[in-house]
Structures are given as C-alpha cells and as structure tokens.
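[1] Below is the structure, and that's it, no one-letter string:
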C-alpha cells in the first residue's frame, strides 16, 4: 500500500513542537523519528549540565541596577543534582554578602540557574519589560544565584529584608524545549516557605510565553499579591490580572 500523498498531521505540527502523529515502522518508531527523539534527549541532558554564565548575565543586568552574585551550599553541579536540599540554602559567603546589602525592600528579583542554566539568557529581556510595570516598588539589588533551587529565593529575600521574591529559574529541560524559564513568586518569603505559598508562570521562551507577555502577567500577579497580602493557592492567575 502506498503512503498517503499528504501528511494529515502537518497542519497541527505547524502549531506545536510536540511529537504528534509520529511515523512508525511495524511496531517501532520510524528511524527518522527515533533519531530525532535521541537527539532531543541528548540536548535536554546537556542543558542540565550547562554552566551558568554569571558574568554575562551580570553585565546584561548592570545597566538596570546593582547586581549581587551568590551561591547555594551545593559546592558543584554534581552535588547540586544529588542534593536538592543544599540547593535551597545559601553558602556562608553569600549570606554575608547579602547581609551587607540588607534594607527595606518590597521585592527582590533572583535569576537562578536551576536545571537549565542557559534558559536564564531570557531573564534580562523579561526584567527590562517588567521594571517599567513596577512603579512604586522598592527593589533590592538583582541577585544572580548559582546551583540554585526555587526555595533559595526565600533565603535570599530573608537575608536582604525583602517582602516578596520573584525567582526566574531555568526549568527542567523537556524534549521539545531544553531552555525554558520559570518565574516563581512568593509573598513574605522565609526559609521553610512551601510550594503552596508560591505562584508560578512557566514556559517562558520563544516558542512559549515570550518575555514581554510574561512581564505583563507577572506584573499583574505582583500587584494582586501586594493588594491582597498573599501568594500561592489563595491567589489565582485570572483574566483580570493580565
């Protein structure tokens, strides 16, 4: 039997990088689809092991404000991957650095490598778009964090004296997009804050939510957080927040 002259899935594939309608050879994937899967899997694994270019990130952020560099208690990438708990705690030198800049801030923006350091390349554009929507907020210095988990933002905010934190972090790489940025917002953060106390906007990248659109949604969530004095499950990202 001859294959169909046209691919019935082509119109759908034009709208998504997801794997749909994959060709098969008997009970297995066709060779092309299998090789593409293996290549994307390799890219995702490589993304986890990337090294954060903290200097380039700091240089991109410097025109917008002061930048502080910190690290978690995970001494290297291998430790970070094996010990998530260490990625949630600051090392001693970072605690001292932040203590020297302690003040009365409404918000601290943290850029963290997470599980996809290269995804942080989208952070400066996101922050540039966000700053214009944060009139009246007292902002702490930007913080670039290495070997960081989301909860490291709680420790950073507590050390700086910030009332809220937005952690822009490289998300776990996927087979379609290995460089996706996530934003986690927490009101009144403290060491021990739970995930139920956070709001998350994920899939910030060229094929998902672009930085400008993400900035608009984040500004709406931050305004609602401030107005209602809460974050997490009690605060919904509804249409009126956009």
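    Here it is on my side, so go on. Computed from a predicted structure; not experimentally measured.

[2] Any idea how many residues pack against residue 183?
    25 (other C-beta atoms under 10 Å). All C-beta atoms are positioned from the backbone trio N, CA, C, and that covers glycine.

[3] right, I mislabeled it, should have said residue 133
    So residue 133, with other C-beta under 10 Å, has 14 neighbours.

[4] tell me the contacts of it?
    By C-beta atoms under 8 Å, 6 or more residues apart in numbering, the contact set of residue 133 is 215, 216, 219.

[5] Filter these down to the buried ones and express that as a PyMOL selection.
    Per 16 or more other C-beta atoms under 10 Å, the buried members of these correspond to this PyMOL selection:
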select buried, resi 215+216+219
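
[6] Name the nearest of the contacts of residue 133 relative to residue 192.
    Of all those, residue 192 sits closest to residue 219, with 27.4 Å by C-beta to C-beta.

[7] got any ranges where the chain has weak pLDDT?
    Within the chain, the stretches with pLDDT under 70 are 1-5, 237-242.

[8] In CSV: the contacts of residue 133, plus distance to residue 183 and secondary structure.
    Formatted as CSV, the contacts of residue 133 follow (distance: C-beta to C-beta, whole Å; DSSP: H, G, I helix; E, B strand; the rest coil):
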residue, distance to residue 183, secondary structure
215, 9, helix
216, 12, helix
219, 11, helix
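
[9] ok, of the contacts of residue 133, which one's closest to residue 34?
    Nearest member of the contacts of residue 133 to residue 34, counting by C-beta to C-beta, is residue 215, at 39.0 Å.

[10] Would you check how far apart the closest one and residue 26 are?
    Distance of residue 215 to residue 26, given as C-beta to C-beta, to the nearest Å: 49 Å.

[11] for residue 67, same thing?
    To residue 26, residue 67 is 56 Å away according to C-beta to C-beta.

[12] Which of these two has more residues huddled nearby?
    residue 67 (17 against 6).

[13] Test my guess that the more buried one contacts residue 127.
    No - between residue 67 and residue 127 there is no contact under C-beta atoms under 8 Å: 10.8 Å.

[14] so what sits against both of those two?
    In contact with both residue 67 and residue 127: 61, 142, using C-beta under 8 Å, 6+ apart.

[15] ok, then the element right after the host helix or strand of residue 98?
    Taking DSSP states H and E as the definition, residue 98 sits inside helix 92-99. Counting by DSSP H and E, the next helix or strand C-terminal to helix 92-99 is strand 108-112.

[16] Direction included, what does that following strand pair up with?
    Using DSSP bridges, strand 108-112 pairs in its sheet with strand 142-146 (parallel), strand 164-170 (parallel).

[17] any chance of these in a markdown table, plus distance to residue 206 and mean neighbour count?
    Formatted as a markdown table, those follow (distance: least, C-beta to C-beta, whole Å; neighbours: other C-beta atoms under 10 Å):
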| stretch | distance to residue 206 | mean neighbour count |
| --- | --- | --- |
| strand 142-146 | 22 | 26 |
| strand 164-170 | 15 | 27 |
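
[18] possible to save those as JSON lines with distance to residue 121?
    Below are the strands paired with strand 108-112 laid out as JSON lines (distance: least, C-beta to C-beta, whole Å):
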{"stretch": "strand 142-146", "distance to residue 121": "12"}
{"stretch": "strand 164-170", "distance to residue 121": "10"}
